[in-house]
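Next input, structure requested:
(one chain, ligands or ions: 2)
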Amino acid sequence: MLAVDLFWKSFFREHDILIKWLLLLAGASLFYLWLKGKKQTKLNVDQAAKAKAERARISESEAVVQCHCCLVHLPKSGAIVQEERFYCSKEHLDCLDARGWLGSAAWRISPNQDARPEGLAPDLVVIHHISLPPGGFVGRNCTQFIVDFFQNKLDPAMHPYFEEIADQKVSSHFLISRRGEVFQFVSIQNKAWHAGLSSFLGREKCNDFSIGIELEGDSECPFEEIQYTTLAKLSSQLQAMYLNLQFVGHSDIAPGRKTDPGVQFDWKKFQVKNNIPVEKLPFGLDPR
Ligand SMILES: [Zn+2]
Ligand SMILES: [Zn+2]
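Residues are numbered from 1 along each chain as shown. Ligands and ions are numbered 1, 2, ... in the order given. Got it, this is the predicted structure:
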């Protein structure tokens, strides 16, 4: 036993340097393995994140949506998106759907509406103008006030004129802004509250059988070219749905009470741009 102890003592003494080197080497190896393991873990996390992103990308592009117009299903990546809605084609985006809504319009549903009389389809388009506050559109974008007004959300504190009108419950089917944007508030199958006390060739209550289109503007400023272009397109879309439409101004069906769309509205330009037969404009083409 003593001999063994002596052997080891003499062994350690003689190989002191070698043992230190071996210990150093072992320590370095352990450090290397630890570092490698750490790198590998990071690599695994990165790869998992990449795979997850790729899976999300694939499932996003393969997500199926439904065309709001024809109800066909199609990949989301191939659909046209308008607000929260999807359309299968430009044609269907531009069309009035089965519920009476125009795909390409901004939908801002108004509470000021009710049902048309049973079985009555519209056969009249009433053109109006509106600006809030009056003339406010010159040099700035005031369209939102009109949108708010038709949704009963107009803030009376914003302008003295708003105080006067904020409680009125009115609407229109469409509004065409100075920039040619189209807003829709009521389905054309329903009655919007735009005409008020009115009579068209002996027929009272024009809201029952008409579609109201408001142009942002007044009696002072000419309407914008893009408003005529948009109005022509909208008129064609409506005529495609209702073949017997006639076109009048609000002042034609409520004379003495209403003056819009006013002298600035160019009936001749409207008729030519849209190629409307003149007999569909029973009050003629003169400014009024
Ligand atoms: Zn479609
Ligand atoms: Zn009007």
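
list the contacts for the residue nearest to residue 220 when sequence neighbours are not counted?
Nearest residue to residue 220, sequence neighbours excluded (C-beta to C-beta, 6 or more residues apart in numbering): residue 135, at 6.5 Å. The C-beta positions use only the backbone N, C-alpha and C, and glycine is treated the same way. Applying C-beta atoms under 8 Å, 6 or more residues apart in numbering to residue 135 gives the contacts 218, 220-221.

bridging residues for the closest residue to ligand 2 within the stretch 51-200 of the chain?
Ligand 2 sits closest to residue 128 of the stretch 51-200 of the chain, with a gap of 3.2 Å, by C-beta to the ion. Bridge pairing for residue 128 (DSSP bridges) gives the partners residue 214.

Tell me the pLDDT of it.
pLDDT for residue 128: 98.

who's in contact with it?
172, 194, 212-215, 249-250, 260-261.

Just give the number of residues close to residue 260.
Here the number of neighbours of residue 260 (other C-beta atoms under 10 Å) works out to 21.

cool, the one 3 residues further on as well?
When neighbours are defined as other C-beta under 10 Å, residue 263 has 13 of them.

That one is in contact with residue 288, isn't it?
Yes: using C-beta atoms under 8 Å, residue 263 is in contact with residue 288, at 6.8 Å.

Might you report the residue contacts of the residue positioned nearest the centre of the chain?
The centroid of the chain falls nearest to residue 83 when counting by C-alpha atoms, centre = their mean (3.1 Å). By C-beta under 8 Å, 6+ apart, the contact set of residue 83 is 106-107.

so what pLDDT did it get?
96.

go on, residue 15?
72.

Equivalent analysis for residue 28, please.
pLDDT at residue 28 comes out at 71.

Pull the number of nearby residues for it.
10.

Look up how far ligand 1 lies from it.
Taking C-beta to the ion, to the nearest Å as the measure, residue 28 falls 69 Å from ligand 1.

got it, and residue 36?
57 Å.

isn't there a helix covering that residue?
Yes: assessed with DSSP: H, G, I helix; E, B strand; the rest coil, residue 36 lies in a helix.

What is the burial count for it?
Neighbours of residue 36 (other C-beta under 10 Å): 10.

what's the answer for the one 10 residues further on, then?
Using other C-beta under 10 Å as the criterion, residue 46 is surrounded by 10 other residues.

Next, give phi and psi for it.
The phi/psi pair for residue 46 (degrees, to the nearest 10) reads phi -60, psi -40.

cool, residue 176 as well?
phi -110, psi 120.

and it, what pLDDT?
98.

Report the contact partners of it.
Residue 176 neighbours (C-beta under 8 Å, 6+ apart): 182, 213-216, 227, 230-231, 234.

swap the cut-off to 6 Å and go again
For residue 176, the contact set (C-beta atoms under 6 Å, 6 or more residues apart in numbering) comprises 182, 215, 227, 230-231.

Kindly state the beta-bridge partners for it.
Residues in beta-bridge contact with residue 176 (DSSP bridges): residue 182, residue 215.

Can you add distance to ligand 1 and neighbour count and give the contacts of residue 176 back as JSON lines?
Shown next, in JSON lines, are the contacts of residue 176 (distance: C-beta to the ion, whole Å; neighbours: other C-beta atoms under 10 Å):
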{"residue": "182", "distance to ligand 1": "19", "neighbour count": "18"}
{"residue": "215", "distance to ligand 1": "29", "neighbour count": "26"}
{"residue": "227", "distance to ligand 1": "28", "neighbour count": "21"}
{"residue": "230", "distance to ligand 1": "22", "neighbour count": "21"}
{"residue": "231", "distance to ligand 1": "25", "neighbour count": "25"}
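
just those that are near ligand 2?
For ligand 2, no contacts are drawn from the contacts of residue 176 by C-beta under 5 Å from the ion.

closest to ligand 2 among these?
residue 215 (9.8 Å).

you'd agree that closest one is up against residue 129?
Yes: between residue 215 and residue 129 a contact is recorded at 5.0 Å, counting by C-beta atoms under 6 Å.

how about the nearest residue to residue 213, chain neighbours excluded?
Per C-beta to C-beta, 6+ apart, closest to residue 213 is residue 174, 4.7 Å.

can you list the domain ranges for the chain.
Each domain of the chain is listed here as a residue range: 47-93, 99-276, per automatic domain parsing.
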